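> When you get a sec, could you give me coordinates for this:
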Amino acid sequence: MTVSRVRDNVTWRAVRVVDALEQIGRWLVIAAVAIAMVTPRWAIGSIRFGLSDVLCVAGAACWGLSWAIDGSRPAAVTVAKWPALVLLAGVLSTTVSLDLLRSAKGLVELLGLWVLCPIAIVGLFESDRWTSRLLSAASFGTLIAAATNIRTAFQIGFAGGLPQVWGAVDGLQGYFQVLGIAVALPRLASAISVRRPDRALGWSLCLVVHCAALLLTQTRGAWIAAIFAAAVLGVTRRSVVVVLIGLAVVVTIFLGVSADWAALLRERMQSVFRFDASLSGFDSSVIRVALGISALQMFLSHPLTGIGLKGFTVALPYYAPDALPLAVAMGSDQVLTTIEGPHSTYLSLLAETGIVGLLAFVGWVTTSWVGAYRWYRSQSSREWTLRNRFGFTVLGGVSAIVVFNFFGEMNASGAIPLIVWLSLAQGLDRRPADIAAARG
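Numbers count the residues shown, from 1 in each chain. Reported below is the predicted structural model:
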């Protein structure tokens, strides 16, 4: 009798501990996603990280402890197979690395953020309710950032033209606004379909704020990501086309006005299609082309191993064209910043980890997009349900991430929302048919 009671007590306590750890892990990841939108990265020597990175790793650690204590719940290790292959390529790249310490830091970053976090995220957010909360946190964070950026623009004024406002997260800001649009768009369409004018008005205002903040970043890659994601969502669900057309009309009218402060935006958009020195954005385009050529030369010199994970900065002087600067002025404050990569995850991994690292990363992004699309189509219905709404959101976000990696680097600190989106896409096919009523 006594032994039985002790065993029951231990089991009862273990279950309580496991559930508490999972709850804490979920809220830590939710906080990480929201905070990633509004907090800057920190630098300690050559190490850069954000509060969102710390919180997400802590949330993954909580899940890991709960999994170890329980022992009966399977870990979704398959969702990390592609980033694990990137990690393996990074390990091989250390054999030719010019700076082993930097490569070691890169390996720790990949292991913690790219391999362990996705496994934990899929384990923690397997229910529809918690997934919806996670995406709502992303929407809240991007909305706060957008409102802050718009307020900053009005404080600066428009006398010298439309100001460029990146916000706390620098070049990631525009892409995070696209994620905010990916959350708001299906919710607006859902509110319209159920004839809720109050919700429709609220989400319409959210979309306008996101688009205004996106334009303020003056980030051409983010604009392309928004257009591509909108095109994918419009083709996937035709009922949102009316909303997209309305947004396009608003943006066109905004850019078509004759005010001088809109001229800079028009020039930056034109610079996407015209390689003209008179246009705003020409200098950055030239630098990006030169960095791309440098990355390809690094790959050609070490096609199998690359030049070493996180070794782009060290190797750049040996491969860069003579006229390419090693530091450029960044942001509205024009702070001189050392070039740490080719401004593309694809090119960065190709140069630093060779062909294996690139193909593994492309596999991660591609399977995430295909998985999100197939899962959404399998859940699709005329009415907006919770499941097809967040499936639609995940698809839009992954579509934006596909474009982001041509113009930005995901293996940098502060990119937690992008990792979360890919992780959710990888874990969609693991959801049972009616898991909404399951635990959590």
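> Quick check: the gap between the closest residue to residue 302 other than its chain neighbours and residue 293.
Counting by Cβ to Cβ, 6 or more residues apart in numbering, residue 96 is the residue found nearest to residue 302 once chain neighbours are left out, at 5.8 Å. No exception for glycine: its C-beta is placed from N, CA and C like everyone else's. Distance, residue 96 to residue 293, by Cβ to Cβ, to the nearest Å: 20 Å.
> same check, this time on residue 80
Counting by Cβ to Cβ, the gap from residue 80 to residue 293 is 33 Å.
> The two - which one has more neighbours?
For residue 80 versus residue 293, neighbours defined as other Cβ atoms under 10 Å are more numerous around residue 80 (24 against 16).
> least trustworthy helix or strand in the chain by mean pLDDT?
In the chain, the helix or strand scored least confidently by mean pLDDT, DSSP states H and E is strand 327-330, which has a mean of 60.
> shouldn't residue 301 be in contact with residue 308?
No. Here residue 301 does not reach residue 308: they are 11.6 Å apart, not a contact under Cβ atoms under 8 Å.
> More neighbours: the two, which one.
residue 308 (27 against 14).
> tell me the pLDDT at that one?
Residue 308 carries a pLDDT score of 92 in this model.
> hang on, it packs against residue 92?
No. With contact defined as Cβ under 8 Å, residue 308 does not reach residue 92; the gap is 9.9 Å.
> How about residue 340, nearest residue that isn't a chain neighbour?
residue 313 (5.0 Å).
> could you list every residue that touches residue 190?
Applying Cβ atoms under 8 Å, 6 or more residues apart in numbering, we find residue 190 in contact with 384, 389.
> swap that for residue 86, sorry
Residue 86 neighbours (Cβ under 8 Å, 6+ apart): 110, 114, 349, 353, 357, 360-361, 364.
> Centre of the chain to the helix or strand where it lies, how far?
For residue 86, the element it lies in under DSSP states H and E is helix 81-93. Put simply, helix 81-93 sits 20 Å off its chain's centre (Cα atoms, centre = their mean, to the nearest Å).
> for stretch 205-218, same thing?
The chain centre lies 17 Å from the centre of stretch 205-218; the measure is Cα atoms, centre = their mean.
> Show residues contacting it.
The set of residues external to stretch 205-218 that reach it, using Cβ under 8 Å, 6+ apart, is 139, 142-143, 145-147, 149-150, 153, 162-167, 173-174, 177-178, 180-181, 184-185, 188, 222-223, 226, 243, 247, 250-251, 254, 264-265, 268.
> pLDDT below threshold where in this structure?
Low-confidence segments of the chain (pLDDT under 70): 1-15, 43-47, 160, 242, 252-283, 324-338, 380-383, 432-440.
> Need phi/psi at the residue lying closest to residue 384 once chain neighbours are set aside.
Among residues not flanking residue 384 along the chain, residue 190 sits closest, at 3.6 Å (Cβ to Cβ, 6+ apart). Phi and psi for residue 190, reported as degrees, to the nearest 10, are phi -70, psi -40.
> go on, residue 49?
Per degrees, to the nearest 10, the backbone of residue 49 is at phi -160, psi 160.
> 15 is where my numbering starts, stick with that
Noted, 15 is the first residue going forward, which turns the last one into residue 63.
> Distance from the chain centre to stretch 311-328, please.
How far stretch 311-328 lies from its chain's middle: 25 Å, per Cα atoms, centre = their mean.
> what's it in contact with?
With Cβ under 8 Å, 6+ apart, stretch 311-328 has contacts from 103-104, 106-113, 116-117, 119-121, 124, 309, 329, 333, 352-356, 362-371.
> Which of those residues are buried? Put it as a PyMOL command.
Per 16 or more other Cβ atoms under 10 Å, the buried members of the contacts of stretch 311-328 correspond to this PyMOL selection:
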select buried, resi 103+104+106+107+108+110+111+113+116+117+119+120+121+124+309+329+333+353+354+355+356+362+363+364+365+366+367+368+369+370+371
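> Columns distance to residue 99 and secondary structure on top of the contacts of residue 100, output as a markdown table?
Below are these laid out as a markdown table (distance: Cβ to Cβ, whole Å; DSSP: H, G, I helix; E, B strand; the rest coil):
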| residue | distance to residue 99 | secondary structure |
| --- | --- | --- |
| 124 | 11 | helix |
| 128 | 10 | helix |
| 363 | 11 | helix |
| 367 | 10 | helix |
| 371 | 8 | helix |
| 374 | 4 | helix |
| 375 | 9 | helix |
| 378 | 8 | helix |
